[in-house]
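1. A predicted structure for the sequence below; I have some questions about it.
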Amino acid sequence: GIQVEQSPPDLILQEGANSTLRCNFSDSVNNLQWFHQNPWGQLINLFYIPSGTKQNGRLSATTVATERYSLLYISSSQTTDSGVYFCAVEPPTGTASKLTFGTGTRLQVTL
Amino acid sequence: DAMVIQNPRYQVTQFGKPVTLSCSQTLNHNVMYWYQQKSSQAPKLLFHYYDKDFNNEADTPDNFQSRRPNTSFCFLDIRSPGLGDAAMYLCATSRDGGTEFFGPGTRLTVL
């Protein structure tokens, strides 16, 4: 099956710093989504981004499908950004929206 | 607010004693998913319903079953829980395989 690797696995930032999280995938995809899992376990969808660039407040994402990677940018980080960030992809074969999750990046934002 | 609701939030069961987890949604989405997430791991898809069609992942144990009596509700039945089934169980929904919306999860403990 498709492999999804995220880097870095762990990241510690001081509040106000910027960061870039990377997601590499091993095959073409129909669908790519970024999620934030807060410390209580709730997964929140950040972006649905199979290609191109999107922005939502301090967050933006870019997917370059032809080169099989996606980037999530966090600017002016806040302590509430702490948690685990997952990218998840849907391969082009099979039934719709069977997401395979990446390995995750654990982010801690400190004061 | 439209949402995905999971009950209970915490469930304790005994080894081998059947347990049922429930998920309901007010988003009127046609696709519903069940994921298993073990500690420090990514969510893993167990199965999903696309409308009334049930789609089981190849590596989902037979011990796990699901029911979807109507559009709004979906149940996860674990027939004989083992210690290895202790995990967070996440329900998610989407419209035709688009953006996935997750519930808060049910944390299952097996004694």
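-> Arrived safely, thanks for sending. Numbering: from 1, shown residues only, chains lettered A, B, ... in the order given.

2. Return the helix or strand in chain A with minimum mean pLDDT.
-> strand A:100-101 (a mean of 93; mean pLDDT, DSSP states H and E).

3. close to chain B, is that one?
-> Yes - judged by C-beta under 8 Å from any C-beta of the partner chain, strand A:100-101 and chain B are in contact via A:100-101. To be clear about C-beta, it is placed using only N, CA and C from the backbone, and glycine gets the same treatment.

4. Do a quick rundown of the strands in chain A.
-> Ranges of strands within chain A are A:4-7, A:10-14, A:19-25, A:31-37, A:43-48, A:52-56, A:59-64, A:69-74, A:83-90, A:100-101, A:105-110, based on DSSP state E.

5. rewinding a little: please state the offset of the least confident helix or strand of chain A from the chain centre?
-> Its chain's average C-alpha position is 11 Å from that of strand A:100-101, according to C-alpha atoms, centre = their mean, to the nearest Å.

6. and that strand, what does it pack onto?
-> With contacts taken as 3 or more C-beta pairs under 8 Å, 6 or more residues apart in numbering or on different chains; DSSP states H and E, strand A:100-101 sits against strand A:83-90.

7. The strand it packs on packs against which elements?
-> The contact analysis (3+ C-beta pairs under 8 Å, 6+ apart) places strand A:83-90 against strand A:4-7, strand A:19-25, strand A:31-37, strand A:69-74, strand A:100-101, strand A:105-110.

8. Now do that strand against strand A:19-25, angle only.
-> Angle between the axes of strand A:83-90 and strand A:19-25 is 30 degrees (criterion: axes from the mean of the first three to the mean of the last three C-alpha atoms, to 10 degrees).

9. so which strand or helix has B:G16?
-> Assigned by DSSP states H and E, B:G16 falls within no helix or strand.

10. Low-confidence regions, chain A specifically.
-> A:93-97 (pLDDT under 70).

11. Name the residues of it found near chain B, please.
-> By C-beta under 8 Å from any C-beta, the residues of chain A that approach chain B are A:31, A:33, A:35, A:40-45, A:48, A:86, A:88, A:90, A:95-104.

12. How about the residues of chain B by chain A?
-> B:31, B:33, B:37, B:42-45, B:48, B:50, B:55, B:57, B:88, B:90, B:92, B:94, B:96-102, B:104-105, B:107.

13. Could you tell me which strands the least confident helix or strand of chain A is paired with, and in which direction each runs?
-> With DSSP bridges as the test, strand A:100-101 is paired with strand A:83-90 (antiparallel).

14. Now do the partner strand: distance to the chain's middle.
-> The answer for strand A:83-90 is 5 Å, by C-alpha atoms, centre = their mean.

15. Check stretch B:55-62 too.
-> Counting by C-alpha atoms, centre = their mean, stretch B:55-62 is centred 13 Å from the centre of its parent chain.

16. Over to stretch A:49-68?
-> Averaging C-alpha positions (C-alpha atoms, centre = their mean) puts stretch A:49-68 9 Å from its chain's average.

17. who touches that stretch?
-> With contacts defined as C-beta atoms under 8 Å, 6 or more residues apart in numbering or on different chains, stretch A:49-68 is touched by A:24-34, A:46-47, A:69-78.

18. Any of the residues of chain A next to chain B buried? List them.
-> Neighbour counting by 16 or more other C-beta atoms under 10 Å in any protein chain shown classes A:31, A:33, A:35, A:41, A:43, A:45, A:86, A:88, A:90, A:97-104 among the residues of chain A next to chain B as buried.
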